[in-house]
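> Below are the sequence and a predicted model; questions follow.
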Amino acid sequence: MSAIRVVRGEDGVLYVAGDLHRGNAADLGAGLHAAAHAAGSTQVIDLFELELDDAAAVAAAVDALRALGSVTVRHAPHWLAHSLYRINALRDDAIVLEAPREEEPYG
């Protein structure tokens, strides 16, 4: 099991890394909540090094981001960006996507 790491960079951005799956899904919400509330300001979250392994991981990521309120998400995995769009979580700039990732097709 890979641990989820949430680290605040010198630039103030929260960097999230690891493989998110059913077994560690709660770690993302807890890590983001702790780091976000330590800063107390509008958050920028970079997910470039986060991999979503299953549907439970996508649901956990959606829940964790929505719980933070107003956030900007950089490099969201395609599956997550699409899910945020489908559930209308991007309305009113509650969650803003910057440069969502486009994964290569399998094959």
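Done, it's in. Numbering: from 1, shown residues only.
> and whatever helix or strand residue 85 lives in, what other elements does it pack with?
Per DSSP states H and E: residue 85 is located in helix 78-86. Applying 3 or more Cβ pairs under 8 Å, 6 or more residues apart in numbering; DSSP states H and E, one finds that helix 78-86 contacts strand 43-52, helix 55-68, strand 95-98. Where you see a C-beta, it was placed from the backbone N, CA and C, and this is true even at glycine.
> hmm, try it at 6 Å
Judged by 3 or more Cβ pairs under 6 Å, 6 or more residues apart in numbering; DSSP states H and E, the packing partners of helix 78-86 are helix 55-68.
> which parts of the very next helix or strand once past the helix it packs on are buried?
Next in sequence after helix 55-68, counting helices and strands by DSSP H and E, comes strand 71-74. Burial within strand 71-74, assessed by neighbour count using 16 or more other Cβ atoms under 10 Å, is assigned to 71, 73-74.
> Run the angle between the least confident helix or strand in the chain by mean pLDDT and strand 43-52 for me.
Lowest mean confidence among the helices and strands of the chain (mean pLDDT, DSSP states H and E): helix 25-39, at a mean of 84. Angle of helix 25-39 versus strand 43-52, following axes from the mean of the first three to the mean of the last three Cα atoms, to 10 degrees, is 160 degrees.
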